[in-house]
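Peer 1: structure, please.
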Amino acid sequence: MRLRIFVNRSDPAFMHDYAVLWLDIKERTWSREAHRGIELPRTGRLQDGGKEMTLYEPEGGSALCRLQGLRLQRNRRVDASEGTVEWLRSRPSESIEGRWYLRAVVPQLEEVAADIGT
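Peer 2: Reported below is the predicted structural model:
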């Protein structure tokens, strides 16, 4: 399953800053499709923490942010369509708040086949 996520900042002065991300749940990776003002690498690793997903830099790098409230149920359904972003690399004095929004859920072919019983 792949999720298309839109991330932006909560501060009205920076709401034009955004990133569009694809989260590949099966491969545990993410990739940046587009961005403006929110600097993220082109790809990275993904970790599901139960009630949140954490995006990491590629190849064993450090954590970048947590998409709080983004989790999958046992039936592979997404639990929420929006939530908050915790940026892990900013200093506490420069805390940047953000929001994420689910834009699309794309099942992989084997998931579609399982759902229709083939």
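Peer 1: tell me the contacts of the nearest residue to T43 once chain neighbours are set aside?
Peer 2: Spatial nearest neighbour of T43, excluding adjacent residues (Cβ to Cβ, 6 or more residues apart in numbering): S31 at 4.7 Å. In this view, the C-beta of every residue, glycine as well, is placed from N, C-alpha and C. S31 sits next to 21-22, 24, 42-44 when contact means Cβ atoms under 8 Å, 6 or more residues apart in numbering.
Peer 1: name only those of those that count as buried.
Peer 2: With burial judged by 16 or more other Cβ atoms under 10 Å, the buried subset of the contacts of S31 is 21-22, 24, 44.
Peer 1: what are the ranges of the helices in the protein?
Peer 2: Under the criterion DSSP state H, helices of the chain are mapped to 109-116.
Peer 1: poorly predicted segments of it, please.
Peer 2: Scanning the chain for pLDDT under 70 picks out 10-15, 73-77, 79, 89-96, 108-118.
Peer 1: quick one: the strands in it, in order.
Peer 2: 2-9, 18-24, 29-36, 43-48, 52-56, 63-68, 82-87, 97-106 (DSSP state E).
Peer 1: okay, the angle between the third one and strand 2-9?
Peer 2: Between strand 29-36 and strand 2-9, the angle formed by their directions is 40 degrees, by axes from the mean of the first three to the mean of the last three Cα atoms, to 10 degrees.
Peer 1: which parts of strand 29-36 are buried?
Peer 2: Using 16+ other Cβ under 10 Å as the test for burial, strand 29-36 gives 29-32.
Peer 1: just give me the closest of the residues you listed to G49.
Peer 2: Nearest to G49 among those: W30, at 14.1 Å, using Cβ to Cβ.
Peer 1: ok, the closest one - contacts?
Peer 2: Contacts of W30 by Cβ under 8 Å, 6+ apart are 21-24, 43-46, 55.
Peer 1: likewise R42?
Peer 2: Applying Cβ under 8 Å, 6+ apart to R42 gives the contacts 31-32.
Peer 1: which phi and psi does it have?
Peer 2: phi -70, psi -30 (degrees, to the nearest 10).
Peer 1: quick check: it vs E82, distance?
Peer 2: Remark: distance between R42 and E82 (Cβ to Cβ, to the nearest Å) = 24 Å.
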